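Asker: Here's a sequence, model it:
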Amino acid sequence: MTSGVKEHLVVVGNGMAGARTVEEILERGGGERFRITMFGDEPYGNYNRIMLSHVLAGEASPDDLGEIYLNPLDWYAENDITLHSGVRVVRVDRFAKKVFGNDGTIEAYDKLIVATGSRTYFPPMDGMWVDDKTLTPGVFGFRTLDDTTAMLDYAAESRTAVVIGAGLLGLEAAYGLMQHGHEVHVVQAGPVLMNQQLDEEAGGILRTVLERTGMHVHTGKRTTGLRAAGGGVSAVVFKDGTSLDCDMVVVTAGIRPNVGLAVISGLTVERAIVTDDQMCSVDDPDIYAVGECAQHRGEVYGLVAPLWEQAVVLAEHLTGTNPKAAYHGSRIATKLKVAGVDVASMGVKGPERADDEFVRFAEPKRGVYKSVVIRDGKLIGAMLLGDTKKVAFLTQSFDRGLPLPEERVGMLFELGGPSEEQGAAEMDDSVQVCNCNGVAKGDLVACVRAGEHSVAGCMNATRAGKGCGACTPLVRDIVEWAVAESGGEVGVDESASWYVPAIPMDKPTLIAAIREQNLRSVSAVLAALAPEGEDAGAKMPLTSLLRVVWNGEFVNENDARFINDRVHANIQRDGTFSVVPQIKGGITTAAELRRIADVADKYSVPMIKITGGQRIDLLGVRKEDLPGVWADLDMPSGYAYGKSFRTVKSCVGTDYCRFGLGDSTTLAVRLEQTYQGLESPAKMKLAVAGCPRNCSEALVKDVGVVAVGDDRWDLVIGGAAGASVRRGDVLATVTGHDEVVRLAGVFMQYYRENGKWLERTYDFVPRVGLDELKAILVADRDGIVGGLEERMQAAVDAYRDPWQDGPEPSGPGQFANNLPLVPLPIVPVGRAPDGSLQASSAGRGPSAGGVFEGAQA
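Answerer: I've put the predicted structure just below:
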């Protein structure tokens, strides 16, 4: 490196392995040595793939930066990293030392790291694909955030799902779909569930546990095809000629390394990119591979712990902090929670030699199985199902070859080795506690010694417990032990009550401070109220809060808004957008329908879909076309993209229905006209039912209104029918449309001012309590209803249709096309039976038949 000139480090892949490697490089001073550029196939920052099962189950939101994203987009700017998000690298010119993106980007490099990860493996079977790139509607992989959100959208309209593959990912997908009320069938070609981690007996016990929850398990069934009907998948077909009806299929039959880029760039690829002990490719001293796309000493690792170890070695090698750094492979020990069941596994699953010791305990009724395998006095394998109390001791024994108790049964129960309480004290600092994020006991102890004495604070600082969560009890034990050793007391996590990170205030206090100091922009709030400086995770909730406090008189800052809010449309997996015009109460006209059809034709909209909210969704609109689409529609925004008041469904009420007790359509239109687009902590969906038959599903909405006769209406709050299912509570029974509109507004304003960020009403109502809400909002116990009404009216008066931004964008890039969707180059990938070269796009497609992909993780 020339003195004063930084080398250019390019990282292809912005997934967990690529981003973790960059983090390790920065920690070792790599920012002074390298100018860093990263490419990511997905249009996001780096997120935690382990959390996708939580998103699918409704336990986390894809929009929650603190839960999902390890490195939000702001992190890259803060560390002077150039990120090309949503750009796939399609070629590497090793001789010119340049990489080429599918958007025309060209970057020269001095050092190149390939971290392209892996993709879902779709086994060859009839009916899987519509064409070379398009899965049959209703068929999904489970690998990316886009996969997960697409599954959630589709699951809202489906009822029976089949999951092909019963490994960890398959069982997590099945568990997640069951949380949406689906009938779920898991199909496994072999005889054992989770056969990579469990033996036949343990797999059988796990099957019994899962079947008790209502999951249907089919083993020894090889899927050979899919049937479609009505525009989507309708059944899976098995080798034995039987079939299983379904309307959704999730394929979790394994993964395959993304090696297409390496192949067309001339690197040696066997199962993955072949590397040496410094993670350097065997072909080029300036190209490295890390993560699931790397093959080291014949092994390809699909778990995160080996990826972290590889990242450390590569960072030490590139920065020169440890010239002797070498990766020698990983001893695999996993502890995780699968569909709510604790599982731990390490080493071999059973005895392999005649003199191997094998100790096992099984209690199928309780769903418990434990076993250990010992060779020459050393632990070489262990398996725990349902009871993982001994996992810390076993992991340490497995990793370090520690002496074992003579009474081997003491390795499974509290008869020998450290007890659960002793385990934290006696564990070596090098023992890895959190496999998901590569956190060792020593990292937690160091955090405590640095002054953090709360469990939550240590978890936030180290990321321990932020993956599957299975290690949380052990993390708590270690932190509590370390705090006691330091002579302190375990601290209360004061930040739990903060509305946003970095600002030590609950929501009412924060609102009061914003009003008192007249703070009208996110940057002003952070400058005045964040003592430790800004936190990227605070920006989106603060933008929402400022809209609630100041209505139209706040100062907009685009960098504090999510892409959906910046362009007033919902970004899709391919970088295009979804446009949903407002159709109040689900009632439209022939003229509006003609305009929608004309717009779809004019802009070549690839899909038009009727939504569950009685609206019409135009999917696949390019970013630069949004202003034109809005202008030609000449309809207001339907707010199908933001944390706001969304829509009001209605039945036909007394207009046509012979059971109608109230004019639901007029009331629904009035509610939507009054409260359209209101900013809120999370999305709000409403419905009005003309009678208790509940045809518009008003009983399971954030706010529902149900006619009970004589112009009397039940106002129902806190209902849900999505990731969570909850029948709403009756706040009050009122007379007349005016009173419905008033009381609904009072409740929504109270929720706007007191709900936590991303807290839906179905969590807010139980948290506050129905009786308390009745006392505050109906009886006006605290005398605040008048103020709520005034502030709600001010918000209503300040309404402005955001689609008016089209003619006057907030900046030159608001509707610029930053994610060009261009055809990928055609590259040779294999030979046909006649010896001729076959060509395929480097994009997505069937993974059978020798098709390579150049996608990044």
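
Asker: what ranges of the stretch 651-800 of the chain fall below the confidence cut-off?
Answerer: 722-724 (pLDDT under 70).

Asker: what do you get if the cut-off is 80, keeping everything else the same?
Answerer: For the stretch 651-800 of the chain, applying pLDDT under 80 flags the ranges 722-725.

Asker: What ranges does it have for its helices?
Answerer: Shown for the stretch 651-800 of the chain, the helices assigned by DSSP state H, counting those that start in this stretch span residues 653-656, 664-675, 737-754, 761-768, 770-773, 785-797.

Asker: Nearest approach to residue 357 belongs to which of those?
Answerer: helix 761-768 (50.1 Å; CB to CB). The way it works is simple: take the backbone N, C-alpha and C, and place the C-beta from them, glycine included.

Asker: hang on, the earlier thing: just name the most buried of the helices of the stretch 651-800 of the chain.
Answerer: Ranked by mean neighbour count, the helices of the stretch 651-800 of the chain are led by helix 664-675 with a mean of 23 (mean count of other CB atoms under 10 Å).

Asker: ok, now which ones touch residue 404?
Answerer: With contact taken as CB atoms under 8 Å, 6 or more residues apart in numbering, residue 404 is in contact with 374, 377, 378, 379, 397, 411.

Asker: Skipping its backbone neighbours, what lies nearest the last one in space?
Answerer: The shortest distance from residue 411 to any residue that is not its chain neighbour, by CB to CB, 6 or more residues apart in numbering, is 5.2 Å, and that residue is residue 372.

Asker: so where does that neighbour fall, helix or strand?
Answerer: In this structure, residue 372 is located in strand 368-375 according to DSSP states H and E.

Asker: Which residues does the helix or strand just after that strand contact?
Answerer: Elements were assigned by DSSP H and E; along the chain past strand 368-375, the next helix or strand is strand 378-385. Under the contact criterion CB under 8 Å, 6+ apart, strand 378-385 has outside partners 197-199, 202, 205-206, 341-350, 356, 367-374, 390-391, 394, 397-398, 401-402, 404, 411.

Asker: Also stretch 797-804?
Answerer: With CB under 8 Å, 6+ apart as the contact definition, stretch 797-804 has outside contacts at 551, 552, 553, 568, 630, 636, 637, 676, 677.

Asker: Quick check: of the residues you listed, which lies closest to residue 749?
Answerer: Among the contacts of stretch 797-804, and counting by CB to CB, the member closest to residue 749 is residue 551, at 11.8 Å.

Asker: Any idea how many residues pack against the nearest residue to that closest one once chain neighbours are set aside?
Answerer: In space, and not counting its chain neighbours, residue 551 is closest to residue 798: 3.6 Å by CB to CB, 6+ apart. By other CB atoms under 10 Å, 12 other residues sit near residue 798.

Asker: Could you check how far residue 798 is from residue 635?
Answerer: In this view, residue 798 and residue 635 are 21 Å apart by CB to CB, to the nearest Å.

Asker: ok, now residue 494?
Answerer: 47 Å.

Asker: Tell me which of those two has more neighbours.
Answerer: residue 635 (20 against 11).

Asker: what about the more buried one, which SS state?
Answerer: State at residue 635, reduced to three classes by DSSP: H, G, I helix; E, B strand; the rest coil: coil.

Asker: right, and the secondary structure at residue 335 would be what?
Answerer: Strictly by three-state DSSP, residue 335 counts as strand.

Asker: Might one say that it is in contact with residue 471?
Answerer: Yes. Counting by CB atoms under 8 Å, residue 335 touches residue 471, with 6.3 Å between them.

Asker: where do the contact lists of those two overlap?
Answerer: Common neighbours of residue 335 and residue 471 (CB under 8 Å, 6+ apart) are residue 435.

Asker: Residue 234: neighbour count?
Answerer: 19.

Asker: what about the stretch 401-550 of the chain, any weak spots by pLDDT?
Answerer: Of all residues in the stretch 401-550 of the chain, those with pLDDT under 80 make up the ranges 401-402, 410, 413-428, 430-432, 435-438, 465-473, 488-496, 532-537.

Asker: mind redoing it with 50?
Answerer: The model of the stretch 401-550 of the chain has pLDDT under 50 over residues 415-419.

Asker: For it, just list every one of the strands.
Answerer: With strands called from DSSP state E, counting those that start in this stretch, the stretch 401-550 of the chain shows them at 432-434, 439-440.

Asker: Mind putting the ones you listed into a markdown table with distance to residue 779 and mean neighbour count?
Answerer: Below are the strands of the stretch 401-550 of the chain laid out as a markdown table (distance: least, CB to CB, whole Å; neighbours: other CB atoms under 10 Å):
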| stretch | distance to residue 779 | mean neighbour count |
| --- | --- | --- |
| strand 432-434 | 48 | 26 |
| strand 439-440 | 50 | 22 |
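
Asker: could I get those as TSV with distance to residue 262?
Answerer: As requested, these are arranged in TSV below (distance: least, CB to CB, whole Å):
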stretch	distance to residue 262
strand 432-434	29
strand 439-440	31
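
Asker: Out of those strands, the one nearest residue 188 is which?
Answerer: strand 432-434 (28.8 Å).

Asker: Given the closest one, what are its sheet partners and their directions?
Answerer: Applying DSSP bridges, strand 432-434 is found paired with strand 439-440 (antiparallel).

Asker: ok, back up a step: which residues does the residue nearest to residue 411 contact?
Answerer: Contacts of residue 372 by CB under 8 Å, 6+ apart are 357, 358, 359, 360, 379, 381, 382, 383, 394, 408, 411, 412.

Asker: please redo it, this time with the cut-off set to 10 Å
Answerer: Counting by CB atoms under 10 Å, 6 or more residues apart in numbering, residue 372 touches 346-347, 357-361, 379-384, 390, 394, 397-398, 404, 408-409, 411-412.

Asker: And residue 85, by the same measure?
Answerer: Contacts of residue 85 (CB under 10 Å, 6+ apart): 14, 38-46, 73, 76, 575, 818-819.

Asker: if we go to 6 Å?
Answerer: 40, 43 (CB atoms under 6 Å, 6 or more residues apart in numbering).

Asker: now do residue 178
Answerer: Residue 178 neighbours (CB under 6 Å, 6+ apart): residue 184.

Asker: Likewise for the one 10 residues further on?
Answerer: In this structure, residue 188 makes contact with 166, 219, judged by CB under 6 Å, 6+ apart.

Asker: how near is it to residue 619?
Answerer: Counting by CB to CB, the gap from residue 188 to residue 619 is 34 Å.

Asker: now do residue 183
Answerer: Relative to residue 619, and taking CB to CB, residue 183 is found at 27 Å.

Asker: neighbour count winner among the two?
Answerer: residue 619 (18 against 15).

Asker: Settle this for me: that one is touching residue 605, isn't it.
Answerer: No. Between residue 619 and residue 605 there is no contact under CB atoms under 6 Å: 7.0 Å.

Asker: Do a quick rundown of the strands in the stretch 601-750 of the chain.
Answerer: Going by DSSP E, counting those that start in this stretch, the stretch 601-750 of the chain shows strands at 607-610, 616-621, 645-650, 684-689, 703-709, 712-717, 720-721, 725-726, 729-735.

Asker: Looking at these, which is nearest to residue 744?
Answerer: strand 703-709 (5.4 Å).
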